[in-house]
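**Q** I would like to see how this sequence folds:
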Amino acid sequence: MHCPLWRIAVAEQSMEPALAPGDWLLAWRGLRGGAPLRIRPGQIVIARQPGRADFLLVKRAVRREPGGWWLESDNRDVPAIDSRAFGPVPDGLIAGRMLLRYRRARS
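**A** Next comes the predicted model:
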């Protein structure tokens, strides 16, 4: 069994101003591995990029489409990879749903 909570670091500017590089996310993966997560439009999700399953994306779920979720970046001023480039993301590639954001203490 896997841990249902997951810690993810934000690395890029594509989700500013909601999330900034250096922010950390606590995400929900679910209790049953492989079962689709319940997602609502407007939530921030962690997804595997279609065609590149080893690459994780942090994006906003915009709407449900027949082929999956339409995911977009919040910051349109920076180049970003999202559903505008690869289309809807199938449920099986949605790896987690953001529960909270925190900033790691600076030393």
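**Q** what ranges does this protein have for its strands?
**A** Counting by DSSP state E, residue ranges of the strands within the chain are 5-9, 23-28, 44-49, 52-65, 68-72, 94-103.
**Q** compile the ones you listed into CSV and extend it with columns for distance to Phe86 and mean pLDDT.
**A** Every residue, glycine included, has its C-beta placed from N, CA and C. Compiled in CSV, these are given as follows (distance: least, C-beta to C-beta, whole Å; pLDDT from 0 to 100):
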stretch, distance to Phe86, mean pLDDT
strand 5-9, 20, 91
strand 23-28, 21, 94
strand 44-49, 7, 95
strand 52-65, 9, 94
strand 68-72, 9, 96
strand 94-103, 14, 92
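**Q** wait, which of these is closest to Pro36?
**A** In this view, those are compared for proximity to Pro36 by C-beta to C-beta, and strand 94-103 is the closest at 7.1 Å.
**Q** can I get the strands of the chain in CSV with mean neighbour count and distance to Glu16?
**A** Converted to CSV, these look like this (neighbours: other C-beta atoms under 10 Å; distance: least, C-beta to C-beta, whole Å):
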stretch, mean neighbour count, distance to Glu16
strand 5-9, 13, 15
strand 23-28, 18, 10
strand 44-49, 21, 12
strand 52-65, 16, 11
strand 68-72, 21, 13
strand 94-103, 16, 12
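**Q** now distance to Ser83 too, for those, in a markdown table please.
**A** Rendered in a markdown table, the data for those read as follows (distance: least, C-beta to C-beta, whole Å):
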| stretch | distance to Ser83 |
| --- | --- |
| strand 5-9 | 19 |
| strand 23-28 | 19 |
| strand 44-49 | 10 |
| strand 52-65 | 7 |
| strand 68-72 | 5 |
| strand 94-103 | 12 |
